[in-house]
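# pasting the sequence and the predicted model now:
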Amino acid sequence: FIMKELNKINILKKNFFNSHKQSKKILKEIVKILINNDVKIINSIVKDTNKNYDDAKQEFVNSINIFNFVQNHLNFDREFEIKKKNFLGKVIYEPAGLVLMITPWNYPLITIAERLPFAIAAGCKVILKPSEYLPNFNKQLQKIFSKNKIIRSSILTINLKKISDVKKIVSSKDIDVITFVGSYKTAKQVIKNSLTSIKRFNLELGGKNPAILIGNDYDKNILDLLCQSIFENLGQCCVGTSRILVNNKIYDKFKNDFINYSKNYINENFFSDIIANKKHEIRVKKILKNINKLYRNNKINLLRRKNNRLCGIIIENNDSIDLEEEFFFPIVTLNKYRTNKELIRKCNNSEYGLACHIFSKKKINSNILSKLEFGRIWINTSIKKWSPFLPVGGKKNSGKGFDMGKYGYKNYALIKSIYQDKK
């Protein structure tokens, strides 16, 4: 089986370049075939991730919006003239080559949509390798893409379960670019296994994302937005909040208000969610058991377990607690700060730098924004607010490179500079 897949990759590699016109045609076909199979795709996401139908449908709609953005707003021109007094120059963007995209299970379609159309726009051909924990989604995507002649000429969807098979694909010398969305730990293994040749990497990895309350005032809207950032998709969200920092002067009041509000929020919004797959559930149970053992006196349960479903918890952090691991579950630490300098230090005191959430009833000091080491920052808005005009990615161990945005195709392009004298 793996030799068959490697042979398909080799065929794609031999003709990886798509023209400007071809790229637009492929994107148009992808949108058409996704919309024609919308219910099947949405149902496959529901089955594989345990999301409710409305959430899966919203993911589908958001994904289509990204594909449409690329078609309607992206500059497909790949040549730019630079005129100077003594010479005429050109900058040409050419496809970076054959792209391998490895995407996760928590948001199956949107993590593809944030990357695939931009690679196609750059003229690349793509190998899609969604998570092995998405059997129904993978099967559906493979089926609809392989049936379309235009799409299958540029996109190969592979469904690999064995780690040894994934290693063989990653190590293939035919691969020029690897785009990976997942954990820092797995990313290191992917990079290690890829060293048979020099490859370009685009990585969006995990995070220990802070939510910070600036000032001494807050209201129900801020508490609601904070809960959204913690409990979105049962905490199985890479940009979700896992650390809260509050001014020392209002810490006790905020703690009580936040705990009470969170309990109500969970009862109204949260309890229908279920952990996406068995492997992650086992991991979460192990983490909770460890926390119960080590931090029993610091732990505050937000909701008692019912029907064998797991609950979110808060841990009061006295700065001696080390919880650097990304949980992918609503486990948050509650911290105090006294000055803006201490706030920035505590925010940045992590090997990760993916996302940050800021809540304030007063104007945010630009000096604070400039010193925060995160790829994405939400200010007084919902974690569900996003735009394909803005790039996605992280700093430090949360990733390298940014996808999406007006110039997102450049992530999948190589530059050629042309110099010539004016005549």
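It's in.
# C-alpha from now on. contacts and neighbour counts both.
Fine.
# tell me where the stretch 301-423 of the chain has helices.
340-348, 366-371 (DSSP state H, counting those that start in this stretch).
# same question for the stretch 51-200 of the chain.
Ranges of helices in the stretch 51-200 of the chain, per DSSP H, counting those that start in this stretch, are 53-73, 110-113, 116-121, 135-146, 149-152, 163-170, 184-193.
# can you put those in CSV and add mean pLDDT and mean neighbour count?
What follows is the helices of the stretch 51-200 of the chain, written out as CSV (pLDDT from 0 to 100; neighbours: other CA atoms under 10 Å):
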stretch, mean pLDDT, mean neighbour count
helix 53-73, 93, 18
helix 110-113, 96, 20
helix 116-121, 93, 28
helix 135-146, 94, 18
helix 149-152, 89, 16
helix 163-170, 84, 16
helix 184-193, 92, 15
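# got the ones you listed as a markdown table, with distance to Ile92 columns?
Below are the helices of the stretch 51-200 of the chain laid out as a markdown table (distance: least, CA to CA, whole Å):
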| stretch | distance to Ile92 |
| --- | --- |
| helix 53-73 | 19 |
| helix 110-113 | 25 |
| helix 116-121 | 14 |
| helix 135-146 | 30 |
| helix 149-152 | 25 |
| helix 163-170 | 28 |
| helix 184-193 | 28 |
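# so which of the ones you listed is nearest Ile259?
helix 53-73 (25.4 Å; CA to CA).
# now do the closest one: distance to the chain's middle.
Centroid separation for helix 53-73 versus its chain: 15 Å, with CA atoms, centre = their mean, to the nearest Å.
# which other helices and strands contact that helix?
helix 20-36, helix 38-49, helix 110-113, helix 116-121 (3 or more CA pairs under 8 Å, 6 or more residues apart in numbering; DSSP states H and E).
# I'd like the distance between Asp224 and Phe329.
18 Å (CA to CA, to the nearest Å).
# report how many residues lie close to Tyr409.
By other CA atoms under 10 Å, the residues close to Tyr409 number 27.
# that one: what's it in contact with?
For Tyr409, the contact set (CA atoms under 8 Å, 6 or more residues apart in numbering) comprises 118-119, 121-122.
# export the residues you listed to TSV and tack on distance to Asn248?
Below are the contacts of Tyr409 laid out as TSV (distance: CA to CA, whole Å):
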residue	distance to Asn248
Phe118	45
Ala119	47
Ala121	49
Ala122	50
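# wait, which of the residues you listed is closest to Leu156?
Ala119 (13.3 Å).
# of the helices and strands packed on helix 53-73, which is nearest Cys356?
Here helix 110-113 is closest among the helices and strands packed on helix 53-73 (CA to CA), at 19.4 Å.
# and that closest one, what does it pack onto?
helix 53-73, strand 98-103.
# adding distance to Trp386, write the ones you listed out as a markdown table.
A markdown table is the format used below for the helices and strands packed on helix 110-113 (distance: least, CA to CA, whole Å):
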| stretch | distance to Trp386 |
| --- | --- |
| helix 53-73 | 10 |
| strand 98-103 | 19 |
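# burial count for the residue nearest to Ile415 when sequence neighbours are not counted?
Once flanking residues are discounted, Ile415 sits nearest to Tyr93: 4.8 Å by CA to CA, 6 or more residues apart in numbering. Residues lying near Tyr93 (other CA under 10 Å) number 21.
# identify the residues contacting Tyr93.
Going by CA under 8 Å, 6+ apart, Tyr93 touches 78-79, 122, 410, 413-416.
# and if we set it to 6 Å?
The neighbours of Tyr93, taking CA atoms under 6 Å, 6 or more residues apart in numbering as the test, are 78, 413-415.
# what about Leu34, neighbour count?
Neighbours of Leu34 using other CA under 10 Å come to 18.
# what are the bridge partners for the residue nearest to Val239 when sequence neighbours are not counted, then?
Leaving out its chain neighbours, the residue that sits closest to Val239 by CA to CA, 6+ apart is Ala355, at 5.5 Å. Assessed by DSSP bridges, Ala355 has beta-bridge partners Arg376.
# so Ala355 makes contact with Gly240?
No: the criterion here is CA atoms under 6 Å, and Ala355 misses it with Gly240 at 7.8 Å.
# neighbour-wise, which of those two wins?
Relative neighbour count places Gly240 above the other of Ala355 and Gly240, with 30 against 27, counting by other CA under 10 Å.
# pretty sure the more buried one sits against Ile230.
Yes: under the criterion of CA under 6 Å, Gly240 makes contact with Ile230 at 5.4 Å.
# closest one of the contacts of Tyr409 to Met404?
Closest to Met404, out of all of the contacts of Tyr409 and judged by CA to CA, is Phe118, at 7.0 Å.
# please name the nearest non-neighbouring residue to that closest one.
Phe118 sits nearest to Tyr409 (CA to CA, 6+ apart), 4.5 Å away.
# try Cys124
Looking at Cys124 with CA to CA, 6+ apart, the closest residue is Pro95, at 5.2 Å.
# so the one you found bridges to which residues?
Ala413.
# try Met101
Beta-bridge partners, per DSSP bridges, of Met101: Leu128, Thr179.
# that one is in contact with Thr179, isn't it?
Yes: using CA under 6 Å, Met101 is in contact with Thr179, at 4.7 Å.
# hmm, back to that, nearest to Asn7, of the helices and strands packed on helix 110-113?
strand 98-103 (13.7 Å).
# render the CA-only coordinates of the host helix or strand of Val284 in PDB, please.
Assigned by DSSP states H and E, Val284 falls within helix 278-294. The C-alpha coordinates for helix 278-294 follow below in PDB (Å, rounded to 0.1, in the frame of the first residue of the first chain):
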ATOM      1  CA  LYS A 278     -10.700   7.500  22.900                       C
ATOM      2  CA  LYS A 279      -6.900   8.200  22.900                       C
ATOM      3  CA  HIS A 280      -7.400  11.800  23.900                       C
ATOM      4  CA  GLU A 281      -9.900  10.800  26.600                       C
ATOM      5  CA  ILE A 282      -7.300   8.400  28.100                       C
ATOM      6  CA  ARG A 283      -4.700  11.200  28.000                       C
ATOM      7  CA  VAL A 284      -7.000  13.700  29.700                       C
ATOM      8  CA  LYS A 285      -8.000  11.200  32.500                       C
ATOM      9  CA  LYS A 286      -4.300  10.600  33.200                       C
ATOM     10  CA  ILE A 287      -3.600  14.400  33.400                       C
ATOM     11  CA  LEU A 288      -6.600  14.900  35.700                       C
ATOM     12  CA  LYS A 289      -5.400  12.100  38.000                       C
ATOM     13  CA  ASN A 290      -2.000  13.600  38.100                       C
ATOM     14  CA  ILE A 291      -3.400  17.100  39.000                       C
ATOM     15  CA  ASN A 292      -5.600  15.600  41.700                       C
ATOM     16  CA  LYS A 293      -2.500  14.000  43.200                       C
ATOM     17  CA  LEU A 294      -0.100  17.000  43.000                       C
END
